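>>> could you look at this predicted model? Sequence included:
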Amino acid sequence: MATVPTEVDSIGVPPPPPMAHTRPRKFMDFIWDADTHLKSAAEKKLLFKIDMLILIPICLSWWMKYIDQSNLANAYVSGMQEDLSIKANEYTYMGVLYNIAVCICTIPGSMAITKIRPSYFLAGCELGWAAFTFAQAGAKTVPQMYAFRFLVGVFESPFQTSAVFVIASWYTPSELAKRVALYFIAGPCGSAFSGFMQAAIYSTLNGACGLAGWRWLYIICGCMTVPVGLGLLFLLPDYPDNCRSPFITVEERAMAKARCSKAGIKKSTGKFTDRAFLKKVFGSWRWYTLVFFYLIYALGVQDANYFAIWLKAKKFSVDDRNLLSAAMYLITIPACCSYAWISDLTGSRLWLCVVPLCLANIPLGIIAICAGTTTKQGILMVEMAFVFCEIVLITHIFYTWIAEICRDDAEERAFIMGTLNALFNACNAWLSIVIFKQTYGPRFKRGFFTTWIFIIICIPGFFFIDYMHKRQLRQEAAAGAVVGTHYLGEEVGLESDDKKIAA
């Protein structure tokens, strides 16, 4: 393999060791990265550092985001309603204002990550929502909570897409899906942890220092969020092209650039307002197709949100409701992890989106058709269908697929990811009111049939995405565009079939 000419050569630093190294495959190669046996010791050391400096801090931040996001519901049922005299729909309006902030700020925030160092931007988001988490602990009136919830939404809104953008800027296709999966799984773990934490806080700190238990919840969450935000500030190595982390050597930075170049991952230019960028985004199939089918998919994975309502209507005990909800996560988390592992192992994104949706049609169909049953056997069948319905979740695979489809344009990748999140929140806000009205429960016939149809539509939709992507690659190949020859606008000297490729 050719050496990688970089700025380090001019100051006498030897080039990084070759990244290709062959040894017999071990069992862990199939469990973690399928190409580990091809990596040199130096590259494996770099990958370990990236996992420690990027993946762990970002997963902890996402975990804390879900804890903070879940606090409103936990606080509401733990004394906040009485202390703030919350009446009628005021609690609902707090959630609405949060969603409005997310819809407004997600796209600008997702684009900002292409111009601002992630260590500054993501840490600023985390510390910003930490500040207003503390503020909620001191809220005295409902309007104050309105303001604080809106501001929490402002700071939390760009985090999901920005974090995935950063992860996709460092990892190769054989490494990416499982890392994105771990990131997304951290969220539901945070929601589950928040409930247990609120129960513990309420039983031990309610009334301590004259503060209600729900106020202590916000204080403790704020205290947990601040160090995680500081960890992002001091640990995140930003991007391969502008990395200045003291934990990553100059040689490792050059190797990181070479890895990205080989994978075809392009540097962000920060230009997303000029005519050329807008023409490329809105003149291409990618924005319309990816956004449309993601919206259909995301709006179709709502059934689990109504599991608790169905269980309550069927006279299940409180303990049973909690245990069955936990059982659903015990199925979902391993399923999501297995999709990611198989996807990275095989290199397939299409089939790891399509197969789970095909399998999920069984429980989703049962829920849509039989949710109103009153027989003992029917109730058991629907109960099991709810427990297994979240095997439909392939969000992490879809985001990985988007990152790969748009890897040649960082701004387009950030814009599409931001649009997905913003439009989903905007559509979900009104669609759930239309198809999942409380008066329709617990049967929710209109809602369950709609979500089932959405998932069915996605299956041919994903084949269409794959067709369009392959057509694009053929067109690029025919035009002489070879992916992986340039990174950051500089030639990196990679070789293919013993011939040096020059852009």
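It's in.
>>> surely residue 201 touches residue 221?
No. Taking contacts as CB atoms under 8 Å, residue 201 lies outside contact range of residue 221: 9.5 Å. (C-beta placed from N, C-alpha, C; glycine too.)
>>> of those two, who's got more company?
residue 221 (25 against 22; other CB atoms under 10 Å).
>>> any figure for the gap between the more buried one and residue 399?
Distance, residue 221 to residue 399, by CB to CB, to the nearest Å: 26 Å.
>>> now residue 320
Taking CB to CB, one finds residue 320 at 34 Å from residue 399.
>>> who has more neighbours, these two?
Neighbour comparison, residue 320 and residue 399: the larger count goes to residue 399, with 25 against 13 (by other CB under 10 Å).
>>> surely that one is in contact with residue 418?
No. Under the criterion of CB under 8 Å, residue 399 is not in contact with residue 418, lying 12.0 Å apart.
>>> mind showing which ranges of this protein have poor pLDDT?
For the chain, applying pLDDT under 70 flags the ranges 1-31, 191-192, 194-195, 198, 269-273, 318-319, 322, 438, 480-503.
>>> quick one: contacts for the nearest residue to residue 418 once chain neighbours are set aside?
Among residues not flanking residue 418 along the chain, residue 110 sits closest, at 2.8 Å (CB to CB, 6 or more residues apart in numbering). By CB atoms under 8 Å, 6 or more residues apart in numbering, residue 110 lies in contact with 158, 161-162, 165, 414-415, 417-418, 421.
>>> flag every buried residue along stretch 127-146.
127-137, 139, 145-146 (16 or more other CB atoms under 10 Å).
>>> select from those every entry located in helices.
Among the buried residues of stretch 127-146, the ones falling in helices (DSSP state H) are 127-137, 145-146.
>>> now the strands: where do they sit in the chain?
Under the criterion DSSP state E, the chain contains strands at 486-487, 490-491, 495-496, 499-500.
>>> separation between the spatially closest residue to residue 155 that is not a sequence neighbour and residue 222?
Nearest residue to residue 155 in three dimensions, chain neighbours excluded: residue 128, at 3.5 Å (CB to CB, 6+ apart). Between residue 128 and residue 222 the computed distance is 12 Å (CB to CB).
>>> swap in residue 67?
From residue 67 to residue 222 the distance is 11 Å (CB to CB).
>>> cool, residue 315 as well?
Distance, residue 315 to residue 222, by CB to CB: 39 Å.
>>> the two: who's more crowded?
Ranked by neighbour count (other CB under 10 Å), residue 315 and residue 222 place residue 222 first, with 21 against 8.
>>> where along the stretch 251-400 of the chain do the helices fall?
Assigned by DSSP state H, counting those that start in this stretch, the helices in the stretch 251-400 of the chain fall at 275-282, 285-299, 307-313, 318-346, 350-370, 376-388, 395-405.
>>> likewise the stretch 1-150 of the chain?
Assigned by DSSP H, counting those that start in this stretch, the stretch 1-150 of the chain shows helices spanning 27-31, 41-50, 56-75, 81-83, 90-112, 118-137, 142-156.
>>> quick check: which helices or strands does the third one pack against?
Read it as helix 56-75. Secondary-structure packing of helix 56-75 (3 or more CB pairs under 8 Å, 6 or more residues apart in numbering; DSSP states H and E): helix 90-112, helix 118-137, helix 142-156, helix 159-168, helix 173-205, helix 213-235.
>>> those helices: which one's closest to residue 448?
Closest to residue 448 of those is helix 173-205 (CB to CB; 21.3 Å).
>>> show me which residues of the closest one are buried.
173-192, 194, 197-198, 201-202, 205.
>>> just how off-centre is it within its chain?
Relative to its chain's centre, helix 173-205 lies at 12 Å (CA atoms, centre = their mean, to the nearest Å).
>>> that one vs helix 41-50, what angle?
In terms of direction (axes from the mean of the first three to the mean of the last three CA atoms, to 10 degrees), helix 173-205 departs from helix 41-50 by 30 degrees.
>>> who are the packing partners of helix 173-205?
Counting by 3+ CB pairs under 8 Å, 6+ apart, the packing neighbours recorded for helix 173-205 are helix 56-75, helix 159-168, helix 213-235, helix 318-346, helix 395-405.
>>> redo those as TSV? Include distance to residue 432.
Formatted as TSV, the helices and strands packed on helix 173-205 follow (distance: least, CB to CB, whole Å):
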stretch	distance to residue 432
helix 56-75	16
helix 159-168	19
helix 213-235	26
helix 318-346	19
helix 395-405	18
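>>> separation between residue 479 and residue 263?
Separation of residue 479 from residue 263 (CB to CB): 20 Å.
>>> and those two? Which one has more around it.
residue 263 (21 against 8).
>>> isn't the more buried one right next to residue 173, touching?
Yes. Judged on CB under 8 Å, residue 263 makes contact with residue 173 at a distance of 6.2 Å.
>>> relative to residue 442, which of the helices and strands packed on helix 56-75 is closest?
For residue 442, the closest of the helices and strands packed on helix 56-75 is helix 90-112, at 19.6 Å, according to CB to CB.
>>> let me know the angle separating the closest one from helix 118-137.
Between helix 90-112 and helix 118-137, the angle comes out at 170 degrees (the same axes, to 10 degrees).
>>> by how many degrees do helix 90-112 and helix 56-75 diverge?
Going by the same axes, to 10 degrees, helix 90-112 makes 160 degrees with helix 56-75.
>>> list the buried ones in helix 90-112?
Neighbour counts over helix 90-112 (16+ other CB under 10 Å) mark 91, 94, 97-107, 109-112 as buried.
>>> ditto for stretch 298-305
Within stretch 298-305, the residues that count as buried by 16+ other CB under 10 Å are 298-304.
>>> same question for stretch 382-399.
Quick answer for stretch 382-399 (16+ other CB under 10 Å): 382-383, 385-399.
>>> could you export it as CSV, CA atoms only?
Output in CSV follows, covering the C-alpha atoms of stretch 382-399 (Å, rounded to 0.1, in the frame of the first residue of the first chain):
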residue,chain,number,x,y,z
VAL,A,382,-52.0,-9.2,21.2
GLU,A,383,-49.9,-8.9,24.4
MET,A,384,-47.1,-11.0,22.8
ALA,A,385,-47.5,-8.9,19.6
PHE,A,386,-46.9,-5.7,21.5
VAL,A,387,-43.9,-7.3,23.2
PHE,A,388,-42.3,-8.1,19.8
CYS,A,389,-43.5,-5.1,17.8
GLU,A,390,-40.4,-3.1,18.4
ILE,A,391,-38.3,-5.5,16.3
VAL,A,392,-39.4,-3.1,13.6
LEU,A,393,-36.8,-0.5,14.8
ILE,A,394,-34.1,-0.1,12.1
THR,A,395,-33.4,3.7,12.7
HIS,A,396,-29.7,3.1,13.3
ILE,A,397,-29.4,1.1,10.1
PHE,A,398,-31.3,3.8,8.1
TYR,A,399,-29.0,6.6,9.5
